[in-house]
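[1] Provided below are the primary sequence and the corresponding predicted coordinates.
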Amino acid sequence: MVEVDAIDLGVLTVLLGGIVYLIMTYCLKSSNSSHNTQVAAPSASSAADDDFVAKMEEVGAQLIVFYGSQTGTAEDYAQRLAGEARRYGLKAIVADFQDYEMDQLEQLKDAVALFCVATYGEGEPTDNAQDFYENVKNKQDSEMEWDLTGLDYGVFGLGNKTYEHFNAMATFVDDSLNKFGGKRVIEVGMGDDDENLEEDFINWKDQLWPVLCERFGKDPNAAGVSYRTYELVSPTELKTDKVFTGEQAIYNSYTTQRKPFSQKNPYLAPVTVRRELYQDNTRSCLHLELDIADSGIRYTAGDHVAVYPINNPKLVDQLAKRLNIDLEEVFSLRAVDSFTKKKSPFPCPCTYRTALMHYVELTHQPSVTLMAELAQYASNEQEKNKLEHLVSKAGRKDYHNYVAETHRTLMDVLSEFPSVMLPGDHLMELLPRMQPRYYSISSSSKQFPKSIHITAAVVRYSNKFNTEVEGVATTWFERFDIANMKMPIFVRRSTFRLPNKATVPIIMIGPGTGVAPFRGFVQERVAAAKDDKPVGPTMLFFGCQNEAKHFMYREELEQAEQQKVLSHLYTAFSRDQKEKVYVQHKLLEAKEEVWGLLEKGAYLFICGDAKYMARDVHEALLTIVKEMGDKSTKNAENYLKMLEDKRRFQKDVWS
């Protein structure tokens, strides 16, 4: 991964300047006088930047909510907990793991630490929780003393049961804090995104607030007034000399690009190639090539490229028209609490058009929090009552049926409740922050050192109300004006890695776009063969619906097979015969070859759908190990576990 120290210094300088400005200027403005919302006056903080204990003592906070977030959901949940705390007369600080000295947990007394932690990949911590994880793991491994006696805590995990290591990070945090003497005030919440993560979170916090209210002597039935986390800067204070136009953190970084490039400072990559991989009028899969020649970006086959997409302008126009938002108006939001590290929900000031295009998610299903705020802006009593019912405890099942089961969008809800008129600035605060989309790089830097390739299936479907729901990034790839636009990207290192020696056998299983990283792996071995280096057995299992329509990269893969680099190419075309055939069936057909390579030290790779394919492939592998290795089910599972522990069995899966 490229170094980021210089950029971090620049970001810190900008943030410090922003803090000085916020301390010196202050004005309150209510967004809507009839809306039951309160805004608290900000106050200056003198505590050290990474000293959360001192900050809590200074502002009288009883709670601190740490988050480990990869896609923004855990951060959103942390913000919601802090906002709800105010309703009960409690004060909470929201904290990013990487911003604070976490050893201070042993100093936290007479307060409660909450943790909203997502599990990334195969049981790994999110990027911002990596240092915390390694620090705690090191304390455990070296048996260091860390006295957390007196620490009260609660953990909510964001996971997905389709993954093998379900909520591994939440379990790790809970077990670790408990081991070092911490006391859980509530059982760890195991949120499952495969079912209903939002409902799991709501149920968990419904149990949390009575416990915390009793702990701090508050009335659990007193919640009623909602509080803004951010306030609209008044026109008299608004400075428009530096207006953001889509930059992720650093003003003018899209106009003047400076190395090194990172998540906060993405590189604007020219798109040199975009071509259709399918021969299908009803479905689309795109191949993109991004030029990184002048970026200094380096990557290895198996890494991920992250793309910052842009919302569909048509959807932005529809939303603006519905809520009477002036898209060209420049506005700015600032944190109500001056001790909050995140001074604005996204780069400000900017126009509403920029915010809606670049900074917020418009196609996510409306959360309970958003629906509750919509209820307060409904002027029609019947509509107000219905919205309030949907977000109530009694209406929980109706909310699930109304939003999750039908895939309703924000525009669907606003269309069904025409009396709701939410101010634009409050909407910007409530919508989730636009997150980068990660793609397995489908090229090798050995063959393509100056470009990164993406393989992406376009997501587009109609919900039950005939609203066309689009994948934000993939439909943007379709609309992308290659001649006049550039794509904001950065590279994230992955643990999905080829063995160091090209002679080591590999078995790759990747149906559909799951073939993406394996295209890079094959290219790596083709490059090795061209350099007259010996290449070990290389086996690929690829599947798709129809051979004639969806066999992507066919010529390239068959050429590698002819060159004897790809020693085995097994294909499964599920819809080309009466009975469906998938990669797991082809795997079982080749069980002798698969077992033979595993016994010779082969590395095993799976990429693609976690919910069905990865599970079915895992079952097929268990069958092969049992039959060919003459093992019991338990011993076969231990065998695959041994491969995982030795990094010989790797997965890059998603749901």
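    Received the coordinates, thanks.
[2] mind saving the C-alpha coords of stretch 379-394 as CSV?
    Extracted C-alpha coordinates of stretch 379-394, given in CSV (Å, rounded to 0.1, in the frame of the first residue of the first chain):
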residue,chain,number,x,y,z
SER,A,379,-48.0,17.8,8.1
ASN,A,380,-50.8,15.2,7.4
GLU,A,381,-51.8,13.6,10.7
GLN,A,382,-52.7,10.3,9.0
GLU,A,383,-49.3,10.1,7.4
LYS,A,384,-47.6,11.1,10.6
ASN,A,385,-49.4,8.4,12.5
LYS,A,386,-48.5,5.7,10.0
LEU,A,387,-44.8,6.6,10.0
GLU,A,388,-44.7,6.8,13.8
HIS,A,389,-46.3,3.3,13.9
LEU,A,390,-43.7,1.9,11.5
VAL,A,391,-40.8,3.1,13.8
SER,A,392,-42.5,2.0,17.0
LYS,A,393,-41.8,-1.2,18.9
ALA,A,394,-45.3,-2.4,18.0
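[3] Quick one: distance of that stretch to the chain centre.
    Put simply, stretch 379-394 sits 31 Å off its chain's centre (CA atoms, centre = their mean, to the nearest Å).
[4] what does stretch 191-200 give?
    The answer for stretch 191-200 is 15 Å, by CA atoms, centre = their mean.
[5] in that stretch, what counts as buried?
    Buried positions in stretch 191-200, judged by neighbour count with 16 or more other CB atoms under 10 Å: 191-193, 196-200. Bear in mind the C-beta positions are built from the backbone N, C-alpha and C, glycine included.
[6] Quick one: end-to-end length of that stretch, please.
    5 Å (CA to CA, to the nearest Å).
[7] sorry, back to before: which one in the buried residues of stretch 191-200 is the model shakiest on?
    In terms of pLDDT, residue 196 ranks lowest among the buried residues of stretch 191-200, with 87.
[8] hang on, that residue packs against residue 399?
    No. The pair residue 196 and residue 399 fails to qualify as a contact (CB atoms under 8 Å) at a distance of 10.0 Å.
[9] In the protein, which residue is most central in space?
    residue 71 (1.8 Å; CA atoms, centre = their mean).
[10] any idea how far it lies from residue 192?
    Using CB to CB, to the nearest Å, residue 71 is found at 15 Å from residue 192.
[11] same question, residue 87
    For residue 87 relative to residue 192 (CB to CB), the value is 27 Å.
[12] what does residue 475 give?
    Remark: distance between residue 475 and residue 192 (CB to CB) = 28 Å.
[13] element containing the nearest residue in space to residue 566 that is not next to it in sequence, please.
    Once flanking residues are discounted, residue 566 sits nearest to residue 560: 4.0 Å by CB to CB, 6 or more residues apart in numbering. Using DSSP states H and E, residue 560 falls within helix 554-562.
[14] elements contacting that helix?
    Applying 3 or more CB pairs under 8 Å, 6 or more residues apart in numbering; DSSP states H and E, we find helix 554-562 packed against helix 516-530, strand 568-573.
[15] okay, these, which one's buried deepest?
    helix 516-530 (a mean of 23; mean count of other CB atoms under 10 Å).
[16] elements contacting that helix?
    For helix 516-530, the packing partners by 3+ CB pairs under 8 Å, 6+ apart are strand 437-440, strand 451-457, strand 506-509, strand 538-544, helix 554-562, strand 603-609.
[17] for the record, mean pLDDT for the first one?
    It stands for strand 437-440. Here the average pLDDT along strand 437-440 is 96.
[18] what do you get for the fifth one?
    Confidence for helix 554-562, expressed as mean pLDDT, is 97.
[19] Mean pLDDT per helix and strand in the protein: which one sits at the bottom?
    Every helix and strand of the chain was ranked by mean pLDDT, DSSP states H and E. The lowest is helix 5-24, at a mean of 41.
[20] thinking again about what came up before, would you confirm that the residue nearest to the centre of the chain contacts residue 119?
    No. Using CB under 8 Å as the test, residue 71 is too far from residue 119 to be in contact (11.7 Å).
[21] Same list, the helices and strands packed on helix 516-530, but as TSV with mean neighbour count and distance to residue 406 please.
    Shown next, in TSV, are these (neighbours: other CB atoms under 10 Å; distance: least, CB to CB, whole Å):
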stretch	mean neighbour count	distance to residue 406
strand 437-440	22	24
strand 451-457	22	23
strand 506-509	25	34
strand 538-544	25	30
helix 554-562	14	39
strand 603-609	23	23
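[22] Distance to residue 530 added to the ones you listed, as CSV?
    Shown next, in CSV, are the helices and strands packed on helix 516-530 (distance: least, CB to CB, whole Å):
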stretch, distance to residue 530
strand 437-440, 24
strand 451-457, 18
strand 506-509, 18
strand 538-544, 15
helix 554-562, 12
strand 603-609, 22
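[23] Quick check: which of the ones you listed is nearest to residue 176?
    Nearest of those to residue 176, taken as CB to CB: strand 437-440 at 27.2 Å.
[24] Can you give the contact residues for the closest one?
    Outside strand 437-440, the residues that touch it by CB atoms under 8 Å, 6 or more residues apart in numbering are 302, 304-307, 309, 454-456, 472-473, 492, 494, 496, 516-517, 607, 652.
[25] ditto for stretch 631-638
    For stretch 631-638, contacts defined as CB under 8 Å, 6+ apart pick out 622, 625-626, 629, 639.
[26] Let's see if you can find the most crowded of the residues you listed.
    residue 625 (23 neighbours; other CB atoms under 10 Å).
[27] quick one: that one from residue 500, how far?
    For residue 625, the distance to residue 500 (CB to CB) stands at 25 Å.
[28] swap in residue 520?
    16 Å.
[29] go on, residue 374?
    Note on residue 374: its distance to residue 500, by CB to CB, is 55 Å.
[30] now do residue 227
    Residue 227 sits 54 Å away from residue 500, going by CB to CB.
[31] Neighbour count for the two, which is higher?
    Neighbours around residue 227 and residue 500, counted as other CB under 10 Å, are more numerous at residue 227. The numbers are 15 against 7.
[32] so that one makes contact with residue 80?
    No. Contact between residue 227 and residue 80 fails when scored by CB under 8 Å: they sit 11.4 Å apart.
[33] residues near residue 564, how many?
    For residue 564, the count of nearby residues is 10 (other CB under 10 Å).
[34] Over to it: give its phi and psi.
    Here is the backbone geometry of residue 564 (degrees, to the nearest 10): phi 70, psi 10.
[35] That one: what's it in contact with?
    With CB under 8 Å, 6+ apart, residue 564 has these contacts: residue 529.
[36] same question, the one 4 residues further on
    The contact partners of residue 568, by CB under 8 Å, 6+ apart, come to 537-540, 590, 593.
[37] mind redoing it with 7 Å?
    By CB atoms under 7 Å, 6 or more residues apart in numbering, residue 568 lies in contact with 539-540, 593.
[38] I'd like those as CSV, with distance to residue 359 appended.
    Below are the contacts of residue 568 laid out as CSV (distance: CB to CB, whole Å):
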residue, distance to residue 359
539, 44
540, 40
593, 51
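[39] Out of the contacts of stretch 631-638, list just those in helices.
    Here DSSP state H is the test, and the contacts of stretch 631-638 give 622, 625-626, 629, 639 as lying in helices.
[40] what about stretch 340-360, average pLDDT?
    Mean pLDDT, computed over stretch 340-360, is 94.
[41] next one: stretch 387-395
    Mean pLDDT, stretch 387-395: 93.
[42] How far does that stretch stretch from one end to the other?
    Stretch 387-395 stretches 9 Å from its first residue to its last (CA to CA).
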